[in-house]
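# Sequence first, then the predicted structure:
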Amino acid sequence: MKLEGSPKEIRDHLNNSGFNSTDYFEMPSTPLKKRYLIVPAILFLLSLLLLELLPDGTPTWQSVLSLSLIFGNLTWLCASTQLRFKNGIVTLVVASGSVITFCVVTGLMSPKEVADWLQSFRTSG
């Protein structure tokens with residue numbers, strides 16, 4: 001079937017024939033606003049700073065609260081990243097970077113160990 005005419009004539013013809021474009025085409029959703037990425041990132045960094053500033057011998061409930069804030073903000077950041085970019089690789093990079101940052105801040109790994117560990121991925125792959 002070949003349609004001839006102006007776009008308005010074709011649109012009128014399709015509308016008169018009962019064609020409803022919303023039945024066949026899905027409107028793209030609006031991307032998540034940047035503030036939903038920036039706010040959890042800032043809160044994640046602030047909660048890491050809070051954990052670092054807690055003195056030794058801090059009551060257990062404060063440490064648990066701080067860790068809960070860190071992982072809650074990390075989850076929020078990863079979910080926002082996935083909703084914004086709809087790309088698993090980007091989400092994986094954000095999650096990995098955040099976990100590595102957490103390990104460095106808490107002293108589980110030194111920056112040199114992180115660099116060596118990342119270098120081992122580069123040479124093995």
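Yep, that arrived.

# going forward, measure contacts and count neighbours with C-alpha atoms only.
OK.

# is it true that Val94 touches Cys78?
Yes: contact status for Val94 versus Cys78: in contact at 6.7 Å, counting by C-alpha atoms under 8 Å.

# I'd say Ile70 and Leu50 touch.
No: Ile70 is beyond contact range of Leu50, at 9.5 Å (criterion: C-alpha under 8 Å).

# Residue nearest the middle of the chain, spatially speaking?
Geometric centre of the chain, nearest residue: Thr81, 1.6 Å, by C-alpha atoms, centre = their mean.

# so what's it scoring on pLDDT?
For Thr81, the pLDDT comes out at 95.

# who has more neighbours, Ile70 and Leu50?
Neighbour count, other C-alpha atoms under 10 Å: between Ile70 and Leu50, Ile70 has more, with 25 against 16.

# The more buried one: helix or strand, and which one exactly?
Ile70 belongs to helix 60-85 when assigned by DSSP states H and E.

# List the buried residues of that helix.
Across helix 60-85, burial judged by 16 or more other C-alpha atoms under 10 Å covers 66-67, 69-74, 76-84.

# and what of stretch 36-49?
For stretch 36-49, the buried set under the neighbour-count rule, 16+ other C-alpha under 10 Å, comprises 36-37, 40-41, 43-45, 47-48.

# do the same with stretch 4-12
Within stretch 4-12, no residue counts as buried by 16+ other C-alpha under 10 Å.

# try stretch 89-109
Under 16+ other C-alpha under 10 Å, the buried positions of stretch 89-109 are 91, 94-95, 98, 100-102, 104-105.

# pLDDT-wise, which helix or strand of this protein ranks last?
The weakest-scoring helix or strand in the chain, judged by mean pLDDT, DSSP states H and E, is helix 7-16 (a mean of 82).

# Show which residues not belonging to the helix or strand just after that one make contact with it.
Going down the chain from helix 7-16, the next helix or strand is helix 35-53, by DSSP H and E. Residues outside helix 35-53 that contact it (C-alpha atoms under 8 Å, 6 or more residues apart in numbering) are 63, 66-67, 69-70, 73-74, 76-77, 80-81, 102, 105-106.
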